[in-house]
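Q: okay, structure incoming, though there's no sequence with it:
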């Protein structure tokens, strides 16, 4: 078994080694780090916060109001008439329905815009990686950090810098 593995490893090495015997130039990019630290990602996050922050705060305010009104009805329930209790229960049900509708719309809008922003960041990421690939004459650039690797092949910082330099 060891002999078969050694022969297979030698064969792979022979196929991957060019005739000029130059070593492969390999780079690795930590995609998660790029998504968290890149200037375009941070700018996208700030745009989304500006766009959706007000609606988010409004939903929190409506939810707190609904909770307060529900608690108030529970406390006053023994002392108010059944007609008034039924009317206020209907109002609370309508408030809850309205809150759920607004929350669903908010979620859908926020997800759609987040996907749009992620597409833009991904395009910039791919342009930056392609630019580095061509300029530095890499043979292979991997886009994952789940592999064991040497810091010598980690080009994440280069990609972050290239993305920041893009207009």
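A: Cool, the structure landed. Worth saying up front: this structure is predicted, and the values here are computed from it rather than measured.
Q: quick one, helices of the protein?
A: 2-16, 31-37, 39-76, 82-135, 156-165 (DSSP state H).
Q: nearest to residue 25 among those would be which one?
A: helix 82-135 (9.7 Å; CB to CB). To be clear about C-beta, it is placed using only N, CA and C from the backbone, and glycine gets the same treatment.
Q: so in terms of bridging, what pairs with the closest residue in space to residue 142 that isn't next to it in sequence?
A: For residue 142, ignoring the flanking residues on the chain, the nearest one in space by CB to CB, 6 or more residues apart in numbering is residue 28 at 4.8 Å. Assessed by DSSP bridges, residue 28 has beta-bridge partners residue 142, residue 154.
Q: among the helices of the chain, show me which one is buried the most.
A: Highest mean neighbour count of the helices of the chain: helix 156-165, a mean of 18 (counted as mean count of other CB atoms under 10 Å).
Q: contacts for it next, please.
A: Outside helix 156-165, the residues that touch it by CB atoms under 8 Å, 6 or more residues apart in numbering are 27-30, 33-34, 37-40, 124-125, 128-129, 131-132.
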